[in-house]
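**Student:** model this:
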Amino acid sequence: MFSLLPLLEGPFRASLQPGDDDNIDICVESGSPKSPPQDSEPFFTFMLATIRSTWSRRRRRVSRRWMPPGFILIDDGWQSISHDEDPITKEGMNHTVAGEQMPCRLLKFQENYKFRDYVSPKSLATGSTNKGLGAFIKDLKDEFNTVDYVYVWHALCGYWGGLRPNVPDSQKR
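**Tutor:** Numbering: from 1, shown residues only. Next up, the predicted model:
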């Protein structure tokens, strides 16, 4: 005997259901008009795990049906960070090895130069000056029209190591 567990979040609805070969399937409906199903069935199936075995990455799979993203999360690679011993003018874009970014601190409340210097290819064609993180997100949403939301990760303390001390103008913000 199986129970159905409703999972709700805004227009998002899901339920756990019995699947083939003692698997548990989660059936999901987005409710978004931007992500219509390819066929007449409005659900896609995500096999979570088998009842007889433990959670295993090898056991999980997404069905071959269309799964458009509804939101995108940009992790902490968008922030202006540095080590305390680095010059204040240098953003620590190369601190990506595991553990290397943990002692970094937030340098400024602004996107890093890779996002600041982003220029939309569309603006180059039209001659406008659409650039920066906002332009990147607009282009992302235009290219993936099912994306309703783009979130960025940000620690409440600034960054893993906190805020970098003695940075000009940092106290004003």
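**Student:** In contact with His154, which residues?
**Tutor:** Residues counted as contacts of His154 (CB atoms under 8 Å, 6 or more residues apart in numbering) are 76, 79. (Glycine included, C-beta is placed from N, CA and C.)
**Student:** Please parse this protein into its domains.
**Tutor:** In terms of domains, the chain is parsed into 6-68, 72-172 (source: automatic domain parsing).
**Student:** Tell me, how many residues neighbour Glu91?
**Tutor:** Glu91 is flanked by 21 other residues according to other CB atoms under 10 Å.
**Student:** secondary structure class for it?
**Tutor:** coil (DSSP: H, G, I helix; E, B strand; the rest coil).
**Student:** Quick check: it touching Glu111?
**Tutor:** No: assessed by CB atoms under 8 Å, Glu91 is found out of contact with Glu111, at 10.0 Å.
**Student:** still on that earlier bit, and the domains of the chain, which one averages the lowest pLDDT?
**Tutor:** By mean pLDDT, the lowest-scoring of those turns out to be domain 6-68, with a mean of 53.
**Student:** Quick check: Val119 vs Ala125, distance?
**Tutor:** Plainly put, Val119 is 11 Å away from Ala125 if you go by CB to CB, to the nearest Å.
**Student:** Tell me which of these two has more neighbours.
**Tutor:** Comparing Val119 with Ala125 by other CB under 10 Å, the one with more neighbours is Val119, at 14 against 8.
**Student:** Tell me what the more buried one is bridged to.
**Tutor:** Lys131 (DSSP bridges).
**Student:** what residues are up against it?
**Tutor:** Counting by CB under 8 Å, 6+ apart, Val119 makes contact with 129-131, 135.
**Student:** So which residues of the protein form helices?
**Tutor:** 113-116, 121-126, 133-143 (DSSP state H).
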